[in-house]
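>>> Got a predicted structure here, sequence first:
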Amino acid sequence: MNKGLYTTKHKVNARPPPPPLPLWAGVLSLSGGRQFTYVVVAPAPEGHAESWTSAAEHADLSAALDGWAPQVRGLAGAARDVRRWALYDRAPLRRSGTARTTLLGDAAHPMLPHHGQVANQAIEDGVALALCLAEAAPGGDGIATALSRYEAVRRPHTTRVQLGSRGGAGRGLGKGVREQAADVSWILAHDVERSLYGDEAGDSAARPFHVQGP
């Protein structure tokens, strides 16, 4: 379990509303600018107890934002209640199923949010699993083969995303939108259907089973 990060989430009143702020990840205007809610992600202090919602100190928040823009520090100083939400992940699994069962999504590969892929990888798992089961031979052996195929294809990719998310905190600081997108372009370009057939550069329209929209 990775316990190296925590988040603090706050809601503050702002009357009168402050001048327009630059865009910072984690700052959201509410109630027509009369309130702001924000999340700060920072390394967890030594000895931090495991908890999803424990009390935090303003001093910790202020220290985490040392050197930030005055507008950001002003928002932090206006917070009345500071809470700490821990972020956890797990080491990648060596296997995630048996001949009769399998896992997908967070149950198979819990990851930190820095690549924005927690829900996306679960959706890709679902697509891959549906394709494998749709093409499975009848009977228990066919299902076992399908589940093994699903895991063999998905686990290397989700492991890479999982470990990349673990090391992704702070990588986007000081980068433009294009640079940040380039950092995760390999995730965005991944085609789960093509990966099942060992040909991500191929033509997925030729597959024997393809999910169609309404």
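Arrived safely.
>>> give me the low-pLDDT residue ranges for this structure?
Low-confidence segments of the chain (pLDDT under 70): 1-27, 45-50, 52, 168-182, 199-214.
>>> mind listing the strands in it by residue range?
For the chain, the strands defined by DSSP state E cover 5-13, 27-30, 35-43, 54-55, 83-87.
>>> Would you tell me which helix is longest in the chain?
helix 140-166 (DSSP state H).
>>> for the chain, what spans make up the helices?
Using DSSP H, the helices of the chain run over 58-64, 70-78, 118-134, 140-166, 177-183, 185-188, 192-196.
>>> Of those, which is nearest Ala91?
helix 140-166 (8.7 Å; C-beta to C-beta). Bear in mind the C-beta positions are built from the backbone N, C-alpha and C, glycine included.
>>> Give me the buried positions along the closest one.
Buried residues in helix 140-166, counted by 16 or more other C-beta atoms under 10 Å: 143-151, 153-155, 157-159, 161-166.
>>> What of stretch 126-135?
Quick answer for stretch 126-135 (16+ other C-beta under 10 Å): Ala128, Leu129, Leu131, Cys132, Leu133.
>>> Could you dump those into a markdown table with distance to Tyr38 added?
Formatted as a markdown table, the buried residues of stretch 126-135 follow (distance: C-beta to C-beta, whole Å):
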| residue | distance to Tyr38 |
| --- | --- |
| Ala128 | 36 |
| Leu129 | 37 |
| Leu131 | 40 |
| Cys132 | 42 |
| Leu133 | 43 |
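>>> Closest one to Arg100 out of those, please.
Leu133 (12.6 Å).
>>> Contact partners for the nearest residue to that closest one once chain neighbours are set aside?
Distances taken as C-beta to C-beta, 6 or more residues apart in numbering place Ala146 nearest to Leu133, at 5.2 Å, with adjacent residues excluded. Shown in contact with Ala146 (C-beta atoms under 8 Å, 6 or more residues apart in numbering): Cys132, Leu133, Glu135, Ala136.
>>> Quickly name whichever of those is closest to Arg73.
Once C-beta to C-beta is applied, the member of these that ends up nearest Arg73 is Cys132, at 51.2 Å.
>>> Show the contacting residues for the closest one.
Going by C-beta under 8 Å, 6+ apart, the list of residues near Cys132 reads Ala146, Leu147, Arg149, Tyr150, Leu196.
>>> run the last query once more with 10 Å
The neighbours of Cys132, taking C-beta atoms under 10 Å, 6 or more residues apart in numbering as the test, are 102, 143, 145-154, 196, 209.
>>> Tell me how far it lies from Arg94.
Here the criterion is C-beta to C-beta, to the nearest Å. By it, Cys132 lies 20 Å from Arg94.
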